[in-house]
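Participant: make a model of this:
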Amino acid sequence: MKNILSTMTAFVLLTAPAMAADTVAAGKLVKLDYTLTVDGQQIETSAGKKPLEATIGNKKILTGLENGLLGMRVGEEKTITVQPKDAYGEVDAKAVKEFPKSAMPKGEEPKVGMVLQAQAPDGETFPAVITAIKDDKVVLDFNHPLAGKTLVFKVKVLEITQAPAEAPAK
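Facilitator: This is a model prediction of the structure:
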């Protein structure tokens, strides 16, 4: 009986890391194919392109997508629905502002739907969409274009490896 238990313990110890290595978990580098749809319309896909690569836990992909990938295995396919709170957030009415037309970039007439690149004081750039034009004012929406939207990802895990160690910050 003792030999059987020792053999079983050795088997569990030898196979547990191998089983964990082939599932999506924190610290793993995952390659996957995906198609993103919003409101029934395909927005983006990796089909015919380079697969998406992400290290789980480094906050480089949406929280809701990352959580949906956890536990998946190579070759597994899944549809992951991500609510706005776990994607780009809800639409924030405070992110809609009026500016004088004279503050708009020179050389182009502002039009509803036009996307401008705005720059924050720290230098970061982000898109702003013209949502209305009123006499001498332009209304800009600084919300992410997918804010308030439920995102549906169809994913297939292609590869899972241990992520390389990050270099310490200098």
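
Participant: beyond the helix or strand bottoming out on mean pLDDT in the chain, next helix or strand please.
Facilitator: Counting by mean pLDDT, DSSP states H and E, the chain has its least confident helix or strand at helix 2-21, which shows a mean of 43. As assigned by DSSP states H and E, the chain's next helix or strand after helix 2-21 is strand 28-38.

Participant: now that next one: average pLDDT?
Facilitator: The pLDDT scores in strand 28-38 average 97.

Participant: in what helix or strand does Y88 lie?
Facilitator: Counting by DSSP H and E, Y88 is part of no helix or strand.

Participant: meant to ask about G64
Facilitator: helix 63-69.

Participant: strands along the protein, start to end?
Facilitator: 28-38, 41-45, 52-55, 77-82, 96-100, 115-119, 125-134, 137-141, 151-162 (DSSP state E).

Participant: on that earlier part again, and the contacts of the helix holding G64?
Facilitator: Applying Cβ atoms under 8 Å, 6 or more residues apart in numbering, the contact partners of helix 63-69 are 24, 30, 32, 54, 56-57, 78, 80-83, 86-87, 151, 153, 155, 157. Every C-beta, even on glycine, is put in place using the N, C-alpha and C of the backbone.

Participant: how about a cut-off of 6 Å?
Facilitator: If you take Cβ atoms under 6 Å, 6 or more residues apart in numbering as the criterion, helix 63-69 is touched by 24, 56, 80, 82, 86-87, 153.
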